[in-house]
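A.B. asks: mind looking at a prediction? Sequence and model below.
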Amino acid sequence: MGRPEKRGRFGEFGGVYVPESLIAACSELEEAFESSWVDPEFRSEYYRILSNYAGRPTPLTFVKRLSEKLGVEVFFKREDLNHTGSHKINNVSGQALLTKRMGKKRIIAETGAGQHGVATATAAALFGLDATVFMGEVDVKRQELNVFRMKLLGTEVVSVSSGSKTLKDAINEAMRDWVANVESTHYCIGSVMGPHPYPYMVREFQRIIGDEAQEQFEQEIGGDPDFVVACVGGGSNAAGTFAGFASKEHTRLVGVEPLGGAAIGRGSPGIVHGMRTMLLQDEFGQVSEAQSVSAGLDY
């Protein structure tokens, strides 16, 4: 998986589709990320946080009974064992470091299942940043524990009651806040979505998942896996995992979407949240509501 093309394009997808007031912020973030990502001091600090604070590397675990039931060897990459309970801390740690480098004092985020929100709240507490997390009203009700954890860490949680009251609408409100407070605030997007450089940046911060898994598989089992499977909601987990195996000729990469939110499998190209991507749309080109019993996958 290489770098995006001019203006943040991945083929026909990606790009920067934002109000004029955010163009400068996107350019500032791109410059900050590009310079930081090649800075040995920044990367050393980033990996130190992942090792000493987040708890990396996470193990690659052979799942014996499931393997016997399915008739294939199955291994889990245990991102749930990271501090805060998911892969989200990988990306948030990097973006929080960038926020400090850019001299901004406040960080905002969207969240669905609450994992990105908890990771953002944790990083904000670690780095001494003010934090606000936007969360759909439906998700607030079904993820009460994560809401409690965010508030416990000193983060303001804003319940979003517009639209479907889920992740899509939380993103809309977060973007409105960013427009209004762009000078002092960094928007910490948790998925491979949004205007450039977010999809590229989030993938790079998450690729440690795939790089670790590839190295662990080669050392412990030998060779390359036949399949690498990842769930796809906003896509950060899948993009980070696939990045470590994209060059493997005999490894098939499989993304699994919820039936009620299969934008890649059943959608069509369109523009939303600052990017050109695959969308579920109605006959008039309006974004359709996605559904899933799993909060965070209904994007």
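C.D. replies: Ah, there it is. Computed from a prediction, not measured in an experiment: that's the story for all the values here.

A.B. asks: show me the contact partners of the longest helix along the chain.
C.D. replies: Taking DSSP state H as the criterion, the chain has its longest helix at helix 20-37. Residues outside helix 20-37 that contact it (CB atoms under 8 Å, 6 or more residues apart in numbering): 8, 16, 18, 42-43, 97-98, 101-102, 178-179, 182, 186, 195-198, 201, 204, 274. To be clear about C-beta, it is placed using only N, CA and C from the backbone, and glycine gets the same treatment.

A.B. asks: where does this structure have low pLDDT?
C.D. replies: 1, 295-296 (pLDDT under 70).

A.B. asks: show me the strands in it, by range?
C.D. replies: With DSSP state E, the ranges of strands along the chain come out as 9-10, 13-14, 60-62, 75-77, 106-111, 130-136, 156-160, 185-187, 227-231, 252-256, 268-272, 275-279.

A.B. asks: most tightly surrounded among those strands?
C.D. replies: Across these, averaging neighbours per residue (mean count of other CB atoms under 10 Å) puts strand 106-111 on top, at a mean of 26.

A.B. asks: quick check: angle from that strand to strand 156-160?
C.D. replies: Here the directions of strand 106-111 and strand 156-160 differ by 40 degrees (axes from the mean of the first three to the mean of the last three CA atoms, to 10 degrees).

A.B. asks: ok, now which ones touch L81?
C.D. replies: Counting by CB under 8 Å, 6+ apart, L81 makes contact with 55, 58-59.

A.B. asks: name the member of the residues you listed with the most neighbours.
C.D. replies: In terms of neighbours by other CB atoms under 10 Å, the contacts of L81 top out with T58 at 22 neighbours.

A.B. asks: for L81, see how far away that residue is.
C.D. replies: For T58, the distance to L81 equals 5 Å [CB to CB, to the nearest Å].

A.B. asks: same check, this time on E289
C.D. replies: From E289 across to L81, the span is 33 Å (CB to CB).

A.B. asks: who's V272 bridged to?
C.D. replies: M275 (DSSP bridges).

A.B. asks: would you agree it is in contact with V287?
C.D. replies: Yes: with contact defined as CB atoms under 8 Å, V272 reaches V287; the gap is 5.8 Å.

A.B. asks: joint contacts of these two?
C.D. replies: With CB under 8 Å, 6+ apart, V272 and V287 have common neighbours L279.

A.B. asks: show me what contacts the closest residue to F127 other than its chain neighbours?
C.D. replies: Spatial nearest neighbour of F127, excluding adjacent residues (CB to CB, 6 or more residues apart in numbering): A96 at 4.9 Å. By CB under 8 Å, 6+ apart, the contact set of A96 is 107, 123-124, 126-127, 129, 188.

A.B. asks: what about N172, how many neighbours?
C.D. replies: Per other CB under 10 Å, the neighbour tally for N172 reads 17.

A.B. asks: what does A213 give?
C.D. replies: For A213, the count of nearby residues is 23 (other CB under 10 Å).

A.B. asks: tell me the contacts of the residue positioned nearest the centre of the chain?
C.D. replies: Centroid-nearest residue in the chain, with CA atoms, centre = their mean: S191, separated by 2.7 Å. Residues near S191 by CB under 8 Å, 6+ apart: 116, 202, 233-236, 299.

A.B. asks: out of those, who's nearest K165?
C.D. replies: Minimum distance to K165 across the contacts of S191 is 13.4 Å, recorded for Y299 (CB to CB).

A.B. asks: correct me, but that closest one touches L167?
C.D. replies: Yes: using CB under 8 Å, Y299 is in contact with L167, at 4.9 Å.

A.B. asks: which neighbours do these two have in common?
C.D. replies: Contact criterion CB under 8 Å, 6+ apart; residues shared by Y299 and L167: 112, 233-234.

A.B. asks: out of those residues, which is most surrounded?
C.D. replies: G112 leads the shared contacts of Y299 and L167 on contacts (other CB under 10 Å) with 28 neighbours.

A.B. asks: enumerate every residue touching it.
C.D. replies: So G112 contacts 135-136, 139, 166-167, 170, 233-234, 295-299 (CB under 8 Å, 6+ apart).

A.B. asks: columns distance to S268 on top of those residues, output as TSV?
C.D. replies: Listed next are those as TSV, based on distance: CB to CB, whole Å:
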residue	distance to S268
M135	28
G136	24
D139	26
T166	21
L167	20
A170	24
G233	19
G234	19
A295	25
G296	23
L297	20
D298	18
Y299	16
